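>>> Build me a model from this:
(chains A and B)
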Amino acid sequence: MLDLIRVSKTFNPGTINEKKALVDLDLHLDDGEFVTVIGGNGAGKSTLLNAVAGVWPIDGGRILLGGEDITSLPEHKRAVHIGRVFQDPMMGTAPNMQLEENLALALRRGQKRGLKWGVTKLEREDYRALLADLGLGLEDRLTAKVGLLSGGQRQAVTLLMAALRRPKLLLLDEHTAALDPATAEKVLELSDRIVSESQLTALMITHNMTDAIRHGSRLIMMDEGRIILDVSGEEKKKLTKRELIDRFAQSAGYALESDQTLLSKN
Amino acid sequence: MSIQAYFSSLSLLKLLRNLPGGVAQGLIWGLMALGIYITFRLLDVADLTVDGSFTTGGACAAMMILAGHGPWAALAAALLAGMLAGLCTGLLHTKLGIPAILAGILTQFALYSINLHIMGMAANRALSVDKYPLLLSSRHIPSAIGKGLAIAAVLVALMYWYFGTEQGSAIRATGNNPAMSRALGINIDNMKVLGLSLSNGVVALAGGLMAQYQGFADINMGRGAIVIGLAAVIIGEVLFRALFKRYINFSIMLAFTVLGGVLYYLVVVVVLWLKLDSNDLKLFTAVIVALFLAVPHFRDRNQHSFRGGKKEEVSGNA
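Just a heads-up that it's a prediction; the model follows:
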């Protein structure tokens, strides 16, 4: 489904702030895989997701999605196949537009936007049902401005929007980091449900080792722009936090002072 | 002059006589403000092209009518010319990466020469209502008000429809959250160019109406149009908020923008009636606009420092 072939990205090349964010990175995702990405600050997790989303061009290598080379496609064209949820709950929705207008924008991701009315009656009923499923009482607030919703509600809506038109790939960039623990748990549960119901291929960054182990079918750990650990299947299910820290030390060649390094958020 | 002599020199009758003309002219500024609403409120860009494109519209309409075309054809030409001006600003901004404000200033600056060329290198062109079939004129104010209202109603309806469509929604989304819009597959550069074109088209259309109303096109007729337009938008919004507790409907918001233009111009009429020097009018307008622009700022600040403290925390965290 997704292939990254020797992808590299350096920020501020040739300056004192030069930062090799991705170093000849290879990654292959099978159809339907749900991969959690973990790593310390500056390990390259967000850079990896942004490279796939096309936020900026990469320096070298190729990115293929569903067999199609998307390396040189701009962000809005890649969006045809990619659904995204950001770390900042404010970033995924348009605050001054109505809830149903936001959903309608998402339903038309990758479609031609013509002179037909922006929200149809028929889809409004779908939205009501989908929002009722969230259990956040949003089904009666279709015409409310999204800016009036809480961060957790907005993040749940963004998740719904990302999957509304089934994407080939779902990118979750620490999407629970800015939420309180209870809300974060709910949003993670919802992520699991959406991924499994629509059988999506997904990449989820998290700073929380427990979440990384508990969710998804495969776990990769990054350090200094490389993938240093890649665990899936039964092996991943049996993984513990302690083991993760030990294996980090083995692969990275240096030990973590504490698990706080991995737990800290970007 | 003593204060008493000053007051006794003011004739209430004269003010009443001048009010209908103020309404007619205010309606045209209000129409222009609809164009400014597109950039300022929907696209979230302060587009300074309008000072030039308003004149472009007036110049095009005047020259078309002088060449023997009808007033509607003249307005169509004004609309197209304005859209071209907006297209230039949009391309300067998106293709050449020039900040939107600077791109607008550049186009506006260039338009001065272009407008002179349109008018055959004359600084103004007279359009006598006796000689030409004009759509509206300051000589027939009741009819001008009626036609102004009709055009405003049509334009508000058109804008309400367009910005409710998929394409119009994409323009609004671009202004509201560009990062989200890109992630949802919207080409935000195209949407900005489109929005700027439409906005300047409306502004130039108003310029074409103004040239007909006042009976001439002048190279300086657009000077300060952006400030007057902002004044209309803001007066309309403040009034809207005062009357309705919550957001009701986009078309009503647009109607209030037109009303804002009328109110603005009525204030101008009163100020002139009070015998203030008309040369001080721009200073006066700038002060009024600054005050009204500050209203939402101070209201937000009050909310944040008391009840809204928690809200600030959330956005600071993100």
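>>> which helices and strands does whatever helix or strand A:Q153 lives in pack with?
Using DSSP states H and E, A:Q153 sits within helix A:151-164. If contacts are counted by 3 or more CB pairs under 8 Å, 6 or more residues apart in numbering or on different chains; DSSP states H and E, helix A:151-164 sits against strand A:82-85, helix A:99-107, helix A:121-134, helix A:181-197. All C-beta spots, glycine's among them, are computed from the backbone N, C-alpha and C.
>>> Hmm, B:V202 is touching B:V156, no?
No. B:V202 is not in contact with B:V156 according to CB atoms under 8 Å; the separation is 11.0 Å.
>>> Looking at these two, which is more packed in?
Taking other CB atoms under 10 Å in any protein chain shown, B:V202 and B:V156 do not tie; B:V202 has more neighbours (28 against 21).
>>> how near is the more buried one to chain A?
18 Å (CB to the nearest CB, to the nearest Å).
>>> near chain A, which residues of the stretch 151-300 of chain B show up?
Residues of the stretch 151-300 of chain B found near chain A (CB under 8 Å from any CB of the partner chain) are B:162, B:164-170, B:172-173, B:176-177, B:179-188, B:247.
>>> repeat that with 7 Å
Contact residues, the stretch 151-300 of chain B versus chain A (CB under 7 Å from any CB of the partner chain): B:164-167, B:169-170, B:172-173, B:176-177, B:179-180, B:182-187.
>>> Out of those residues, which sit inside strands?
Judged by DSSP state E, strands contain none of these.
>>> how about the strands in chain A?
Under DSSP E, chain A gives strands at A:2-11, A:19-29, A:34-39, A:60-65, A:68-69, A:82-85, A:169-173, A:201-205, A:218-223, A:226-232.
>>> Ok, which of those strands comes nearest chain B?
For these, distance to chain B was read as CB to the nearest CB. The smallest value, 4.7 Å, belongs to strand A:82-85.
>>> Is chain B within reach of that closest one?
Yes. Using CB under 7 Å from any CB, strand A:82-85 reaches chain B at A:R84.
>>> Return that strand as PDB; C-alpha atoms alone will do.
Extracted C-alpha coordinates of strand A:82-85, given in PDB (Å, rounded to 0.1, in the frame of the first residue of the first chain):
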ATOM      1  CA  ILE A  82      -4.900  10.500   2.400                       C
ATOM      2  CA  GLY A  83      -6.900  11.300   5.400                       C
ATOM      3  CA  ARG A  84      -5.200  13.300   8.200                       C
ATOM      4  CA  VAL A  85      -5.700  14.200  11.800                       C
END
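>>> Kindly point out the strands partnered with it and how each is oriented relative to it.
Strand pairing for strand A:82-85, determined by DSSP bridges: strand A:169-173 (parallel).
>>> Now do the strand it pairs with, average pLDDT.
Averaging pLDDT along strand A:169-173 gives 97.
>>> ok, A:R218 - how many residues close by?
Taking other CB under 10 Å as the criterion, the count of residues near A:R218 is 18.
>>> now swap in A:T158 and tell me
28.
>>> before we move on, back to that, can you lay out the helices and strands packed on helix A:151-164 as a markdown table showing mean neighbour count?
A markdown table is the format used below for the helices and strands packed on helix A:151-164 (neighbours: other CB atoms under 10 Å in any protein chain shown):
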| stretch | mean neighbour count |
| --- | --- |
| strand A:82-85 | 28 |
| helix A:99-107 | 24 |
| helix A:121-134 | 14 |
| helix A:181-197 | 16 |
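>>> Relative to B:I288, which of these is closest?
With CB to CB as the criterion, B:I288 lies closest to helix A:99-107 of the helices and strands packed on helix A:151-164, at 33.4 Å.
>>> Not counting that closest one itself, show me its contacts.
Residues outside helix A:99-107 that contact it (CB atoms under 7 Å, 6 or more residues apart in numbering or on different chains): A:93-94, A:118-119, A:123-124, A:127, A:138, A:141-144, A:146, A:157, A:161, A:164-165, B:169, B:173, B:184.
>>> Low-confidence stretches in the chain?
Since you didn't name a chain, this refers to chain A. Where chain A drops to pLDDT under 70, the residues are A:254-266.
>>> you looked at the wrong chain, it should be chain B
Counting by pLDDT under 70, chain B has low-confidence residues at B:1, B:247, B:303-318.
>>> Without its sequence neighbours, what residue ends up closest to the residue most central in space within it?
By CA atoms, centre = their mean, the mean C-alpha position of chain B lies nearest to B:A33, the distance being 2.5 Å. Spatially, and ignoring its direct neighbours in sequence, B:A33 is nearest to B:A232 (3.5 Å; CB to CB, 6 or more residues apart in numbering or on different chains).
>>> Test my guess that B:R172 contacts B:R41.
No. With contacts counted by CB atoms under 7 Å, B:R172 stays clear of B:R41, the gap being 9.4 Å.
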